[in-house]
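Novice: sequence first, then the predicted structure:
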Protein chains: 2
Amino acid sequence: MRVSQLFTKTSKTAPGDEISKNAQLLIRAGFIHKEMAGVYTYLPLGKRVLDKIIQVIREEMNRVGGNEVSLTALQPKDTWEASGRWSDEVMDVWFKTRLANGAELGLAPTHEEPLTKLMKSFISSHKDLPVYPYQFQIKFRNELRSKSGLMRGREFWMKDLYSFSRSEDEHNEFYQRMSDAYDMVYRRLGIGDITYKTFASGGSFSKYSHEFQTVSDVGEDTIYIHEGRRLAINEEVYNDEVLADLNLNRDELIEKRAVEVGNIFTLGTRFSDAFDLNYTDENGDSKRVFMGSYGIGPSRLMGLLAEHFADDKGLVWPKNVAPYRVYLVSIGENGSREADRLYDELTREGIEVIYDDRDERPGRKFADAELMGIPYRLIVSDRLVESGQLEIVDRSSGEQRLLTAPEVLAILR
Amino acid sequence: MRVSQLFTKTSKTAPGDEISKNAQLLIRAGFIHKEMAGVYTYLPLGKRVLDKIIQVIREEMNRVGGNEVSLTALQPKDTWEASGRWSDEVMDVWFKTRLANGAELGLAPTHEEPLTKLMKSFISSHKDLPVYPYQFQIKFRNELRSKSGLMRGREFWMKDLYSFSRSEDEHNEFYQRMSDAYDMVYRRLGIGDITYKTFASGGSFSKYSHEFQTVSDVGEDTIYIHEGRRLAINEEVYNDEVLADLNLNRDELIEKRAVEVGNIFTLGTRFSDAFDLNYTDENGDSKRVFMGSYGIGPSRLMGLLAEHFADDKGLVWPKNVAPYRVYLVSIGENGSREADRLYDELTREGIEVIYDDRDERPGRKFADAELMGIPYRLIVSDRLVESGQLEIVDRSSGEQRLLTAPEVLAILR
């Protein structure tokens, strides 16, 4: 991508009503645009980051046997009356609307109900189980407050997977696999070391559910971490009984602010009861399907990564999700010719490169590369062309090196 | 993908309230699920087809310089009051809802307003133009009737690109490039020969807009085709004045039913007037930005392809959008061993294969392969293993051939 063809521009300021650091940075760098509180448009650079986060999650969901689907935002009332969650008192984040004929509809804040209902068409025998449909879907939640940028949206991206198993044992085995898959997602996104599997309150079918909490000063949650065992306890269940149950002592735990970046939950037969979702087992007996739900918010993760990896110059994307791998800057006439050549070569090699071909001061280009958080900045100047070298700067460490083109390619590949 | 791991099943019947052929077939084959009229969930096979259609369109949009973004469904009232389209009388397909604080919101049926408003942050000089943002987005339209399956949705996928140009001339040049890009999309989807660029009524800024109409008995539109010139006239503008203007005679034209699969429209300064979107030209004068809009509905296209390429056995996907390229069926014990080996080999080669590893009669497997419309069916039986051959059947022509494994690979690659 040539910067001259990118329609966004960086900006020194963010909207005055935007108080979250992640949204301020992402808006200033031209990654997102604020439509209203909690509702953001993804601009070209932001769309690329979001897509990469989604792709990492998709690969891990496919690895555990997930089947990707795409459910609908519009939801008929009767589906949710069956589970008792149509009422605004029970589910307090509904956006409701109406069909032209007056029938009430809701915008799905989650998808247990429609998916459980749908699975009645496909599950009847033990041979049909287990199955793991999942989706990346825009969810709508009518939050009273939405001041944390991408971290608490009213319209936001969610990966939700639902497991349908024959028994609690079969469920528990998959629940552990999903827990491992989530660990892998956070490791690949560069936050494995600061993300903790966190005990939280369960439902009627399990003592605990688990959240994945990433330590961050702007987190809305408080967790208590046992570093040695790489686990944490949510504030809700931080009490003597749970501590004893988990064999933990208060003085081993460190209190931290954290952002919930995922959760896994044993639904049991809560929804298969509501929709009468059964299967016939090997003996011909009818049994309820045993369910679980597993959520990760890609847009929240994008906000967290933006906020966590930032410095005073701007964003610092982990390499796996950066919109481009390298930001190419030319200085001078010979530099420009060599940069054109290098841009073609990098593109041919499949290296994602953004080439600042604008007629701007080098300082402005460097500042934009830093604000956008591109992992490497590659400089081609007249002087460097003469010496047969390129300057490559690591955005994260700030390290500058003079290298030959083949050496640079080896790093970028 | 192994059929045993796919949670959907084929069915002999579709829901009684589903009268459109495309939705009936897609539901029976397990590609989509009906939530309510005009609102469909994409199941794993359907999601793959939709994604492939989207990818074809994306490639052509990128080729003409499009920048992919993702705008929001939730829309604040003031954005649409600025253009006069908030009113339900002016825009009769709104779904409206409210924030928890009572503020009115709408679900975007199209995105001219928010995008024009957004571009004010990025367009100020002639150097910032032209630009072509586009998106794949779920649109919401509160249609009174929605009985055509995927062809008229209340919640549906749309590709919309908007052009921002310096002048009408610059716009016209891009408008023609988009027209060519649309032709390419339909050719790649296998409907180039039955899709006509069709003159339709324009707005205040151009005499005509253009629709792309695909001939189909279930089309909601009537068009008049000039086969030699590969163009058509929409019913709206089928009159003596337009015929004279286009140098056409009634007796050269054939009347046909057709489905609108795309449209391109000269917006002129309709929206840049409403949002005061200007740029400064080379002489320092302030000018209005000149706009165009360009839509294609990927979900409608999916419905059309399903309907158009069907036969009495089911779906017949064009190769470019089929969910898998080949449906592998084993018969007998040796056949099964060889099929396992072949499945691994095809997967390694990057050939998209769906392997029917179920314990079912071959006839049932063949019928499913046909209903799903997979381009090739590959059969490995005990008898064939002995003779060192495979049977490959072309879904479209019905042609059956006995070939060696290398010959089969050459076809599938």
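Specialist: Cool, got the structure.
Novice: who's in contact with the one residue in the stretch 201-350 of chain A that gets nearest to chain B?
Specialist: With CB to the nearest CB, the shortest gap between the stretch 201-350 of chain A and chain B falls at A:Ser299, namely 10.3 Å. For the C-beta atoms, the positions are set from N, CA and C on the backbone; glycine is no exception. Contacts here follow CB atoms under 8 Å, 6 or more residues apart in numbering or on different chains; on that basis A:Ser299 touches A:40, A:50, A:150, A:153, A:156-157.
Novice: show me which of those residues neighbour chain B.
Specialist: A:40, A:50 (CB under 8 Å from any CB of the partner chain).
Novice: neighbours of the residue nearest to A:Gly314 when sequence neighbours are not counted, how many?
Specialist: Computed as CB to CB, 6 or more residues apart in numbering or on different chains, the closest residue to A:Gly314 that is not its neighbour in sequence is A:Leu371, at 3.5 Å. Using other CB atoms under 10 Å in any protein chain shown, A:Leu371 has 20 neighbouring residues.
Novice: what's the spacing between A:Leu371 and A:Leu45?
Specialist: 11 Å (CB to CB, to the nearest Å).
Novice: name the residues contacting each of those two.
Specialist: Joint contacts of A:Leu371 and A:Leu45 (CB under 8 Å, 6+ apart) are A:Ala29.
Novice: am I right that A:Tyr162 falls within a helix?
Specialist: No: per DSSP: H, G, I helix; E, B strand; the rest coil, A:Tyr162 lies outside any helix segment and is strand.
Novice: secondary structure class for A:Tyr175?
Specialist: Quick answer, by three-state DSSP: A:Tyr175 is helix.
Novice: so what's it up against?
Specialist: A:163, A:264, A:266, A:292.
Novice: where along chain A do the helices fall?
Specialist: Listed in chain order, the helices of chain A (DSSP state H) span A:21-28, A:44-63, A:77-81, A:112-119, A:168-188, A:240-245, A:270-275, A:298-308, A:333-348, A:362-372, A:382-387, A:405-412.
Novice: okay, those helices, which one's buried deepest?
Specialist: Highest mean neighbour count among the helices of chain A (mean count of other CB atoms under 10 Å in any protein chain shown): helix A:298-308, with a mean of 27.
Novice: quick one: A:Leu99 from A:Glu60, how far?
Specialist: In terms of CB to CB, A:Leu99 sits 38 Å off from A:Glu60.
Novice: ugh, wrong one, A:Val93
Specialist: From A:Val93 to A:Glu60 the distance is 27 Å (CB to CB).
Novice: cool, and A:Arg250?
Specialist: 34 Å.
Novice: again with A:Phe205
Specialist: For A:Phe205, the distance to A:Glu60 - CB to CB - is 25 Å.
Novice: show me the contacts for the closest residue in space to A:Thr214 that isn't next to it in sequence.
Specialist: Excluding the flanking residues, the one nearest A:Thr214 by CB to CB, 6+ apart is A:Thr195, at 4.6 Å. For A:Thr195, the contact set (CB under 8 Å, 6+ apart) comprises A:183, A:186, A:212-215, A:261.
Novice: pLDDT of stretch A:117-134, averaged?
Specialist: Average pLDDT, stretch A:117-134: 97.
Novice: spell out which parts of the stretch 101-250 of chain A neighbour chain B.
Specialist: By CB under 8 Å from any CB, the part of the stretch 101-250 of chain A that sits against chain B consists of A:101, A:105, A:107, A:114, A:118-119, A:121-123, A:128, A:131, A:133, A:138, A:140, A:142-144, A:154-155, A:164.
Novice: out of these, which end up buried?
Specialist: A:105, A:107, A:114, A:118-119, A:121-123, A:128, A:131, A:133, A:138, A:140, A:142-143, A:154-155, A:164 (16 or more other CB atoms under 10 Å in any protein chain shown).
Novice: ok, which stretches of the stretch 1-150 of chain A are strands?
Specialist: For the stretch 1-150 of chain A, the strands defined by DSSP state E, counting those that start in this stretch cover A:32-36, A:39-42, A:67-68, A:74-76, A:95-98, A:104-107, A:133-140.
Novice: straight-line length of stretch A:292-311, end to end?
Specialist: 39 Å (CA to CA, to the nearest Å).
Novice: circling back: ok, so of the contacts of A:Thr195, who is nearest A:Arg364?
Specialist: A:Thr214 (33.6 Å; CB to CB).
Novice: how about stretch A:250-259 as PDB, C-alpha atoms only?
Specialist: Provided in PDB are the C-alpha atoms of stretch A:250-259 (Å, rounded to 0.1, in the frame of the first residue of the first chain):
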ATOM      1  CA  ARG A 250      -4.300 -14.600  50.500                       C
ATOM      2  CA  ASP A 251      -0.700 -13.600  51.100                       C
ATOM      3  CA  GLU A 252       0.400 -15.500  47.900                       C
ATOM      4  CA  LEU A 253      -1.900 -13.400  45.700                       C
ATOM      5  CA  ILE A 254      -1.300 -10.000  44.100                       C
ATOM      6  CA  GLU A 255      -4.200  -7.700  43.400                       C
ATOM      7  CA  LYS A 256      -4.300  -6.200  39.900                       C
ATOM      8  CA  ARG A 257      -6.600  -4.300  37.600                       C
ATOM      9  CA  ALA A 258      -7.400  -6.300  34.500                       C
ATOM     10  CA  VAL A 259      -9.400  -6.400  31.300                       C
END
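Novice: what is the mean pLDDT for it?
Specialist: Averaging pLDDT along stretch A:250-259 gives 96.
Novice: list the buried residues for that stretch?
Specialist: By neighbour count with 16+ other CB under 10 Å, stretch A:250-259 contains the buried residues A:253, A:256, A:258-259.
Novice: with stretch A:199-219 instead?
Specialist: Quick answer for stretch A:199-219 (16+ other CB under 10 Å): A:199-200, A:205-206, A:208-216, A:218-219.
Novice: redo the strands of the stretch 1-150 of chain A as TSV? Include distance to B:Leu26.
Specialist: Below are those laid out as TSV (distance: least, CB to CB, whole Å):
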stretch	distance to B:Leu26
strand A:32-36	33
strand A:39-42	29
strand A:67-68	17
strand A:74-76	18
strand A:95-98	26
strand A:104-107	23
strand A:133-140	17
